[in-house]
Structures are given as structure tokens and as C-alpha cells.
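> Take this sequence and fold it.
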Amino acid sequence: MKTRLLVVLFALLTTTQADSAGDRQGGREDGNRRYGGRVIVYEKVGFRGDALVLYPGDDIENMSGVTFENGARLNDGISSIRIEGDVELIAYADGRFRGDALRVAENTRDLTGRPVVGSVSLTWNDRISSLRVERSRGRDRDRDPSPGRPRPDPEKIIKATFNDYLGREPRPDELRDFRSRFIDQGWTEAMLREHLRGEKVYRTEAAEMIVRRAYLDVLGREVDPSGLRQFTSVVLRRGWTESDVRDELRRSAEYRNKPKK
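Numbers count the residues shown, from 1 in each chain. Purely as a prediction, here's the structure:
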């Protein structure tokens, strides 16, 4: 009985110490958040060094100027990540959630083992500049599907997303690149869509597709270079939708003078 009591007391003491350490490491913990899972990012490999505790809904848009408690910089300074509960970390190489992205849904002892897609030497060690923590969509369901449940096909997801957002199939180099991101970086369909919406080249292409479709539907012709530049700029700067472009074209003299069928 005495031995059992000592074991229970030791377990309670260990739990209390871990929670206290989480508070010291920057966790904004309260009674409700404590049971929702958390992510701990560490300064050194092997879950060592100073740390920062984050919870679902937390994000850091720009780590420049942010430090661990010991004064070490947080920007490009994370070397290992611990995942506790049904949460996941989305890490970005650049500030404002841009650049290469990495999804972490399991403990990662050493980020030097996670290469950056398209590089033979760069890894994610000391490379994270912004991040967000989300509730897991089902821990590693894509990597370890249930028995009898087919594994999602990255190529099908990529092709469907490109067709939906850009109205075209991905080029061979794009398919190869994004397939690698799905397999090696743990990307999801949501991450791919976010990437396409965030990259200027893809946003511009999507805006041009909107303008082309509106011209064909309203005026029955391909858009001219001048119209393409004008409306693409408006779509990007003012957030116009395809419906907005259609309405504007219907107010044009060309539409009013168009022969009625």
C-alpha cells in the first residue's frame, strides 16, 4: 500500500511540474485549453533547450523579434517539435504564412531529418519563420489509413484542386513538386489550396481565368490584352468575383450593341 501511494504521489508531482514548465515556456494555459492538445517547439534537437508551448488557434505571423525565454531567437531557431493530443503544426519558411510549408502531426525529434522539397541540402531545422496550430483533422489518417480504407491519392487531389482553382491540369513539374510536398511534408488539400491562393503567380492566373470566362459568357469572345490587364488588376486589387466582372461587362457599350439572338 505504501509503495502504491508513493507511485501515485510521484505521478501527480510529475504532471504538476510538466504543466508548470508549460506555463514558464510561454503557454497560455487555462482549464479548458489544457485538455485540447498542445504543441511544444524546442530550441534544440531531441526536445532540448528552451521551449514554447502553443495551443489550437495560436499562430505567429512573423517570428522576427520573438525570442525564447533564454533570449535565443525564435525565428529560424526551432529544431524539434513535440505534439501532444489531437493537434498539428503548420510551419512556413517565410513570415505571414508564406513560402514552403511543413505539416507536423507527430513528434519530430530532429528537423534536420525533414528536407525542404526541391533541395538536396536544405532541411527544416532552424528554418521556420511563421506557424499556426490547428486541431488535427484525424491524426495521420492520410499516412496510416484504417484497414480497408483506401489511401488518398495525392495526384488525384492535386489535379482536382488545379482544375477547380485554375481550370487546368497541373504541368508535369508542378505535379511532381506538389506530390513530393504531399508525401514528404504532409501536405493536405487545404494546404495546397492555401498555397495556390497565396502565391502571386497562381493568384494572377486564377484572376485571368475569371476574366476570360466572363468575356466568353457575356460578350461571346476571347478577352483582348487591354481588357485582360484591366480586369485582372481589379480582381486582384479589389477582390472582384466573376459575377462582378460579368456585371461590369453587361454595362459596357459592346454588350448593349451586341446583336440580340
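
> Please, where are all the helices along the stretch 51-200 of the chain?
Here the stretch 51-200 of the chain has its helices, by DSSP state H, counting those that start in this stretch, at 154-166, 172-184, 189-198, 200-218.

> Including mean pLDDT and mean neighbour count, could these go into TSV?
Just so you know, the C-beta spots here come from the backbone N, C-alpha and C atoms, and that holds for glycine as well. Compiled in TSV, these are given as follows (pLDDT from 0 to 100; neighbours: other CB atoms under 10 Å):
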stretch	mean pLDDT	mean neighbour count
helix 154-166	92	16
helix 172-184	93	16
helix 189-198	86	16
helix 200-218	94	17
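
> Same list (the ones you listed) but as CSV, adding distance to Arg98.
CSV is the format used below for the helices of the stretch 51-200 of the chain (distance: least, CB to CB, whole Å):
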stretch, distance to Arg98
helix 154-166, 17
helix 172-184, 15
helix 189-198, 6
helix 200-218, 10
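
> Can I take it that Phe231 is in a strand?
No - using DSSP: H, G, I helix; E, B strand; the rest coil, the secondary structure at Phe231 is helix, not a strand.

> Quick check: closest non-adjacent residue to it.
Excluding the flanking residues, the one nearest Phe231 by CB to CB, 6 or more residues apart in numbering is Val211, at 4.3 Å.

> Who are the contact partners of that neighbour?
Val223, Gly227, Leu228, Phe231, Thr232, Val235, Val245 (CB atoms under 8 Å, 6 or more residues apart in numbering).

> Of all the helices of the stretch 51-200 of the chain, which one is nearest Asn107?
Ranking the helices of the stretch 51-200 of the chain by their distance to Asn107 (criterion: CB to CB) puts helix 172-184 first, at 17.2 Å.
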